[in-house]
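Asker: Structure for this input, please:
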Amino acid sequence: MSHFRIFITALSHFFSHYGGWGLFAISFLDSSFLAFPVINDLLLIKLASAHPHKVTLYILQCTSGSVMGAYTIYFITHKGRNLFARRASPGEKTFIRHWIERNDFLSILVASLLPPPTPFKVFAIMAGALQIDGGRFATALIVGRGLRFAFEGWLGVYYGLAAQRYLRRNIDWLSLVIIAVVVGCGLIHWYLKRRFRPPYGN
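Answerer: Predicted coordinates for the structure are as follows:
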């Protein structure tokens with residue numbers, strides 16, 4: 001095991017002793033400067049199982065920590081966008097700008113639902129560098145992370161620690177199902193918006 005992996009493991013054990021605030025700290029660091037793959041998800045289930053009456057608080061702490069961490073990356077990159085623009089190749093900028101700028105809310109929402117080890121930080125960096133509106137970025141992130149953590153909190157309350165084992169085995173397909181539903185709803189909305197758009201001049 002590498003020294004960094006040992007450090008991350010020790011840090012996660014340290015924060016896990018502080019309940020909801022430890023969960024907040026892990027979620028913040030995981031979405032910003034470090035990586036704790038699946039650890040905050042499993043800790044949320046554990047805490048929800050042990051203290052069902054606090055599950056709403058745990059979901060809020062996990063969501064707010066994750067949102068604040070990602071927004072920190074977004075803010076730093078937003079301020080340093082000129083440096084990013086000099087380093088990115090024209091092809092990369094064209095593709096990323098075309099996708100994220102045309103589908104900013106949906107792309108961030110879907111990315112926030114993707115399972116580890118998907119590098120969500122990349123989406124936060126791109127959103128900041130491409131000047132995506134901060135309010136839309138934060139709203140999409142709150143909705144996406146809120147749905148994900150609410151589902152995990154529900155698993156912890158109703159299935160206890162068995163949900164941890166289930167999540168370890170099935171997190172990939174569960175996340176893909178949620179993403180498929182979100183993307184499907186987004187495509188339906190896009191189609192209806194185009195289908196019933198009033199003609200120009202009316």
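
Asker: How about residue 139, nearest residue that isn't a chain neighbour?
Answerer: Distances taken as C-beta to C-beta, 6 or more residues apart in numbering put residue 105 closest to residue 139, at 7.3 Å, once the chain neighbours are dropped. The C-beta positions use only the backbone N, C-alpha and C, and glycine is treated the same way.

Asker: Count the residues that sit near that neighbour.
Answerer: By the criterion of other C-beta atoms under 10 Å, residue 105 has 17 neighbours.

Asker: Can you point out the helix or strand that includes it?
Answerer: helix 104-113 (DSSP states H and E).

Asker: Give me the helices and strands touching the host helix or strand of residue 11, please.
Answerer: For residue 11, the host element (DSSP H and E) is helix 3-16. On a contact count with 3 or more C-beta pairs under 8 Å, 6 or more residues apart in numbering; DSSP states H and E, helix 3-16 meets helix 19-31, helix 39-50.

Asker: residue closest to the middle of the protein?
Answerer: Taking C-alpha atoms, centre = their mean, the centroid of the chain lies closest to residue 112, which sits 2.8 Å from it.

Asker: My read is that that residue contacts residue 139, right?
Answerer: No. With contact defined as C-beta atoms under 8 Å, residue 112 and residue 139 do not form a contacting pair (10.8 Å).

Asker: tell me the mean pLDDT for the longest helix anywhere in the chain?
Answerer: Looking across the chain with DSSP state H, the single longest helix is helix 162-195. Mean per-residue pLDDT for helix 162-195: 72.

Asker: how much space between residue 142 and residue 50?
Answerer: Remark: distance between residue 142 and residue 50 (C-beta to C-beta, to the nearest Å) = 26 Å.

Asker: quick check: angle from the helix holding residue 105 to helix 19-31?
Answerer: 120 degrees (axes from the mean of the first three to the mean of the last three C-alpha atoms, to 10 degrees).
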